[in-house]
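A.B. asks: Coordinates for the following, if possible.
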Amino acid sequence: MLEPLAYDSPGFIPSPQEAQNKNEAFNRFAKWVGFGSGGVLTTNNREEQLKLIKYNHLVSNCLIFYTTSVITRILHELVQEGYPVTPEAVAALSTYLPWYIDRFGRYEVNAQRQPPPVVYDLPFELPPGALTGEEQTGWSGNGTTL
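C.D. replies: Reported below is the predicted structural model:
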């Protein structure tokens, strides 16, 4: 009788469901961002439909990038204050956060305002090869330990 492999066994291959869950989370977020017309494309023109989808994905990706930069800044502040930040804690965070976004708000464009610098480094050390896709014992590659 075949027995399923444990998560920490060398032959374990993650299921495609992990990638599917990430795609579904992005699609839910993008649908929330594109709230006009109830998510229905109101034109039969293929070029206009593709343009609407691309703009929606662009705005969604911009919001995700902004959220990621804010989370990274806050993680660095926590480390500076002496709080421990681990890869496991960061893996539990999500960049698909709609609660702080005011979709119906009034926004003013200020071309003179400079954004804060984006910090790309993490406030902790990752296991070797974690970002290159190399398999690591006890590390799943998506930020969670096995």
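
A.B. asks: any idea where the helices of the protein begin and end?
C.D. replies: 17-33, 46-80, 87-91 (DSSP state H).

A.B. asks: Just want the most central residue of the protein.
C.D. replies: With distances taken as C-alpha atoms, centre = their mean, T95 lies nearest the centre of the chain, 4.2 Å away.

A.B. asks: can you tell me how far that residue sits from K51?
C.D. replies: 25 Å (C-beta to C-beta, to the nearest Å). In this view, the C-beta of every residue, glycine as well, is placed from N, C-alpha and C.

A.B. asks: Repeat that for F124.
C.D. replies: Counting by C-beta to C-beta, the gap from F124 to K51 is 41 Å.

A.B. asks: How about G36?
C.D. replies: From G36 over to K51 (counting by C-beta to C-beta), the distance is 14 Å.

A.B. asks: what does N61 give?
C.D. replies: Separation of N61 from K51 (C-beta to C-beta) stands at 16 Å.

A.B. asks: Q17 now?
C.D. replies: Between Q17 and K51 the distance is 32 Å, computed by C-beta to C-beta.

A.B. asks: again, but for V85
C.D. replies: Taking C-beta to C-beta as the measure, V85 falls 40 Å from K51.

A.B. asks: Name the residue in those two with the higher neighbour count.
C.D. replies: Shown here are V85 and K51; by other C-beta atoms under 10 Å, V85 has more neighbours (15 against 12).

A.B. asks: tell me the phi and psi of that one?
C.D. replies: In terms of degrees, to the nearest 10, the main-chain angles of V85 are phi -120, psi 120.

A.B. asks: Return the residues in contact with it.
C.D. replies: Listed by C-beta atoms under 8 Å, 6 or more residues apart in numbering, the contact set of V85 reads L75, L78, V79, P123, F124.
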